[in-house]
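Q: Everything below, folded, please.
(one chain, ligands or ions: 1)
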Amino acid sequence: MKAVVLHQHGSVDNLTFEPSYRDPQVTEGHVVLKVGATSINYHDVFTCRGMPGIKVPLPIIPGLDVAGEVVEVGPGVDGWKAGDRVLVNPIHPQKGLMGEMLDGGMAEYCLASGKQLIRIPEGVTFEQAASLPVAYGTAHRMMFTNGHIKAGEKVLILGASGGVGTCCLFLAKMAGCEVIVASQAQDKLDKLKDLGADHGIFYDGFEKKIWEMYGKPHRRTFDGGVDVVVNFTGGDSWVPSMRSLKRGGRMLTCGATAGYDPKTDIRFIWTFELKILGSNSWTVQDLETLMEMIADGRLTPAIDRVLPLEQGREAVKILEDRAVLGKVIVRP
Ligand SMILES: NC(=O)c1ccc[n+]([C@@H]2O[C@H](COP(=O)([O-])OP(=O)(O)OC[C@H]3O[C@@H](n4cnc5c(N)ncnc54)[C@H](OP(=O)(O)O)[C@@H]3O)[C@@H](O)[C@H]2O)c1
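A: Here you go, the predicted model:
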């Protein structure tokens, strides 16, 4: 089969397109899928570079999010048959993450456990379903299960143009929040406003911009600042994010694209009673809820572009280069 393969860590440039890579063989408890679409996540950039503490069995086919059609069913798999349209929960019950611990979706065919399969409802395309698990699933958990965002709250989203970020924007608007998005580029801010954002600001001195808009956070009156900052960027954005929050405000995080060990200032945590709430991954319920939202028209995932498998490396590079608004999809 055709596949995009990482043989050794280093950089995204190490990804190679292979026109005749080994086909997956069906095994006990597993199915083989014909991949309909896979989506790229920043995680794929980290996998190419190599992450401290994570030993990837190389060579590996990247691509955590897979949607497709069942073509072969192994012994011991109940409830699934050839022709079923399915979304794969990227967490394999024994091995870990697709595209990291076992081959992922950047190929024509892919092996998945029967326990990972979720039926795709009518009206949801492979591209839309493949947009969901890692980015939208985590955003759903972060905003609702752990973040408890509520109507009327002011929510600042850093990195709003990416996969997780655009979903946070959609969910915050759905919940009735006032949303401020931050980006490095004016064209991204313009597009995010088209997608529903109320205000757009640049990163440079963003906390001062928040103070201009809502007042400087006041520890006695509880006035000023925003209720929630969504920060999966880390790095230099961490302390300014704390300074943007009102007393009792929540910082929601699920990652650290720009650095996981930023300088911090714990005075803000106690003085302003800040809550720092981490989120990691998603549940099957998050994914089912998101697919229902698409099927009934409440949610339309932001898809930046759809590329063929031959351009798999370019697809990952687009994320690394921050040249994205929403999700990049690869379709074999
Ligand atoms: N824990 C979990 O389960 C989980 C799940 C999903 C994602 N994550 C993490 O969440 C983060 C976002 O993932 P994603 O897939 O949404 O990524 P993405 O689509 O590439 O979006 C990230 C956005 O962050 C902004 N950004 C700010 N500083 C950046 C930098 N130094 N390098 C690159 N982008 C930067 C970019 O927007 P501007 O150019 O507009 O600034 C970019 O669009 C990643 O760190 C990822 O590992 C964690």
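Q: Show me what from the chain comes close to the ligand.
A: Remark: the part of the chain in contact with the ligand comprises 41-43, 134-135, 138, 159, 161-165, 183-185, 188, 232-233, 254-258, 280-281, 319, 322, 324, using Cβ under 6 Å from any ligand atom. Using the backbone N, CA and C atoms, a C-beta is placed for each residue, glycine as well.
Q: Now, these that are in strands?
A: Ser183 (DSSP state E).
Q: Buried ones from the residues of the chain next to the ligand, can you make that a ChimeraX selection?
A: Entered in ChimeraX, the line below selects the buried ones among the residues of the chain next to the ligand, by 16 or more other Cβ atoms under 10 Å:
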select :41,42,43,134,135,138,159,161,162,163,164,165,183,188,232,233,254,255,256,257,258,319,324
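Q: Tell me, how many residues neighbour the nearest residue to Arg298 once chain neighbours are set aside?
A: Excluding its sequence neighbours, the residue lying closest to Arg298 (Cβ to Cβ, 6 or more residues apart in numbering) is Met174, at 6.7 Å. For Met174, the neighbour count with other Cβ atoms under 10 Å is 16.
Q: Tell me, how many residues neighbour Thr221?
A: Residues lying near Thr221 (other Cβ under 10 Å) number 10.
Q: any idea how far it is from Val181?
A: As judged by Cβ to Cβ, to the nearest Å, Thr221 and Val181 stand 27 Å apart.
Q: just Val330 next, same as before
A: 26 Å.
Q: what does Lys173 give?
A: From Lys173 to Val181 the distance is 11 Å (Cβ to Cβ).
Q: same question, Pro262
A: 21 Å.
Q: of these two, who's got more company?
A: The neighbour comparison of Pro262 against Val181 (other Cβ under 10 Å) goes to Val181, with 29 against 16.
Q: ok, residues contacting the helix or strand hosting that one?
A: Here Val181, judged by DSSP states H and E, is contained in strand 178-183. Residues outside strand 178-183 that contact it (Cβ atoms under 8 Å, 6 or more residues apart in numbering): 152-161, 165, 169, 172-173, 189, 192-193, 196-203, 206, 210, 213, 226.
Q: pLDDT score assigned to Glu207?
A: pLDDT, Glu207: 98.
Q: Quick check: it touching Arg243?
A: Yes: counting by Cβ atoms under 8 Å, Arg243 is a contact partner of Glu207 at 4.3 Å.
Q: re earlier: so which of the contacts of strand 178-183 belong to helices?
A: Gly165, Leu169, Ala172, Lys173, Leu189, Leu192, Lys193, Phe206, Ile210, Met213 (DSSP state H).
Q: Would you mind measuring from the first one to Leu195?
A: Put plainly, it is Gly165. 10 Å.
Q: Okay, now the unreliable bits of the stretch 1-150 of the chain?
A: The model of the stretch 1-150 of the chain has no residue with pLDDT under 70.
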